[in-house]
Each structure stands twice: as C-alpha cells, then as structure tokens.
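J.: The amino acid sequence is not available; the structure is as follows:
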C-alpha cells in the first residue's frame, strides 16, 4: 500500500476515532445532565427546575445535531448504510416501546421511563449500523 | 448488478484501498461494489468509468 493510500486510510480511521470519542463524551454528558436534573431539582415547578429538567434535552439536541452532521459528511455507501440503520432503529424502538408500554399497562411490569427512548434508539441505531455494514462486506 | 470492477482494478495492479482513495470513497464501498452487494450512484459510476477510461456500460452489466 502506497504512502498516500496509507495516509488516506489513516485519515478515515482518525475521523472514525474522533466520532466514537465524541459519542462517548456525549453519552457521559447525557448521563451527567440526567443526574444533575435528578439531584438538584426540587419538584416545585420553579424556573430553575424547568431549566434542570431541560438540561438533558440540550445535550440530546447537540448530540443529534452532531450525528446528523456526521451522516451528511459520510461518503455515499456509508451514508446509505447509516440511513438504513436509522430507519431500522426507529421501527425497532417504536415496536419495543409499544410492547413495553402494553406489558406495563396490562401485565404489571414497571413502566418504561421515556427519558431512555432516545438513548435506546441511539444504541439500536449503532447496532443496526454495525450489522448492516457487516452484511454488505 | 454485475460489474467488472475487480477485473479492471487488478489489471491496473491497484489495491482496493488505492482505488478507494482515487475515487474519494471508503474501501468498504469498493468491497461492496466488487461483491455486487451495492450499486454505486450515477455520479460515482461515471467517476469509476472516467478513472478506468471506459464507459459505464462496459463496467456495469445488466
């Protein structure tokens, strides 16, 4: 493999590493925001409580924006895999949440906390992305 | 869709990574096209044809 090709591949690997690092940082920020909301909110419907409750939303909005930006900068094959995986993850998430909600309503299992819908969808997206990519190769 | 990508690439002694670099796509893209699991977009097909100095129809067969 020539030096230029190696550097091209290294650049792609570096981009991928940065992406995964960003994902980990955003996941930690999301958890931190959730913990902050839980720890410091007083439940008094004050402005500060509203701000604390919306703190995870801010993180998730930035996280979603970064993910969308990454997908848009991918080359066509990777973008197609990412978008197919996103479609699958949305369907699977809706299915899982519906099943869980029905079981919670009629079979007495603990209700599904809606704050976990976005992380669940993100996890399924990454898993579908990995599986789809492997299927093409 | 059947294609002659691998044949044309090996004729020139290029690796999949080299071809990916020349086309500005990922190596996974080249692998998927060569395995005929993925059909490239029209713009990429034209780019491939230009690189191999032939027509799209000569590379991608029905």
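T.: Great, that's in hand. Quick caveat: nothing in here was measured; it's all calculated off a predicted structure.

J.: Grab the nearest non-local neighbour of the residue in chain B that chain A sits nearest to.
T.: The minimum distance from chain B to chain A, using C-beta to the nearest C-beta, falls at residue B:29 (3.7 Å). (Glycine included, C-beta is placed from N, CA and C.) Nearest residue to residue B:29 in three dimensions, chain neighbours excluded: residue A:77, at 3.7 Å (C-beta to C-beta, 6 or more residues apart in numbering or on different chains).

J.: So which bits of chain A are right by chain B?
T.: Taking C-beta under 8 Å from any C-beta of the partner chain, the part of chain A that reaches chain B is made up of A:1-2, A:4-5, A:8-9, A:12, A:75-78, A:80, A:133, A:135-137.

J.: Need the buried ones from those selected in ChimeraX.
T.: Remark: buried members of these, expressed as a ChimeraX selection using 16 or more other C-beta atoms under 10 Å in any protein chain shown:
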select /A:5,8,9,12,75,77,78,80,133,136
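
J.: Next step: the residues of chain A next to chain B restricted to helices.
T.: Here DSSP state H is the test, and the residues of chain A next to chain B give A:4-5, A:8-9, A:12, A:76-78, A:80, A:133, A:135-136 as lying in helices.

J.: okay, those in CSV with pLDDT next?
T.: Listed next are these as CSV, based on pLDDT from 0 to 100:
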residue, pLDDT
A:4, 69
A:5, 71
A:8, 73
A:9, 74
A:12, 75
A:76, 94
A:77, 94
A:78, 93
A:80, 94
A:133, 89
A:135, 89
A:136, 83
